[in-house]
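Novice: here are the coordinates; sequence isn't available:
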């Protein structure tokens, strides 16, 4: 029986991979309107490293990476432009979803009056004597 080797992600592999978020930003960070051009570039260049650190896929190997992790986890204020861009990204994707003031379509369908015969006025009692 062959032994299955789990692939280990190296920091170099993570750092080389541009960061993209197809779910929240299908057209890219720069086209979203949420980020400046500089912030978009920083997210693409450093986002994969931040994500890997936060997800525990790699461990911080130096003071800079430890600082990234502490900032990303909210243990300290962001100091570098990369950290600020990452926290802005996190704030955007984790913002509460807005609810419609009109409710859901399902609720509107359930409130429909099923009175088919609208011309039946037998239950009306009108007094015309003044």
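Specialist: Received the coordinates, thanks. Predicted model only: the values in this text are computed from it and were never measured.
Novice: wait, what's in contact with the residue positioned nearest the centre of the chain?
Specialist: The residue lying closest to the centre of the chain (Cα atoms, centre = their mean) is residue 93, at 2.6 Å. Residues in contact with residue 93 (Cβ atoms under 8 Å, 6 or more residues apart in numbering) are 21, 24. Where you see a C-beta, it was placed from the backbone N, CA and C, and this is true even at glycine.
Novice: just residue 46 next, same as before
Specialist: Going by Cβ under 8 Å, 6+ apart, the list of residues near residue 46 reads 19, 68, 82, 85, 86.
Novice: next one: residue 21
Specialist: Residue 21 neighbours (Cβ under 8 Å, 6+ apart): 29, 47, 89, 93.
Novice: and the third one, which of the three is it?
Specialist: State at residue 89, reduced to three classes by DSSP: H, G, I helix; E, B strand; the rest coil: helix.
Novice: tally of neighbours for it?
Specialist: 24 (other Cβ atoms under 10 Å).
Novice: To what extent is residue 49 buried, counted in neighbours?
Specialist: Residues near residue 49, counting by other Cβ under 10 Å: 23.
Novice: Verify the stated contact: it with residue 14.
Specialist: Yes - Residue 49 lies in contact with residue 14 (Cβ atoms under 8 Å); the separation is 5.6 Å.
Novice: Which pLDDT value belongs to residue 115?
Specialist: On pLDDT, residue 115 comes in at 54.
Novice: Could you pick out the longest helix of this structure?
Specialist: Selection of the longest helix in the chain by residue count, based on DSSP state H, yields helix 37-55.
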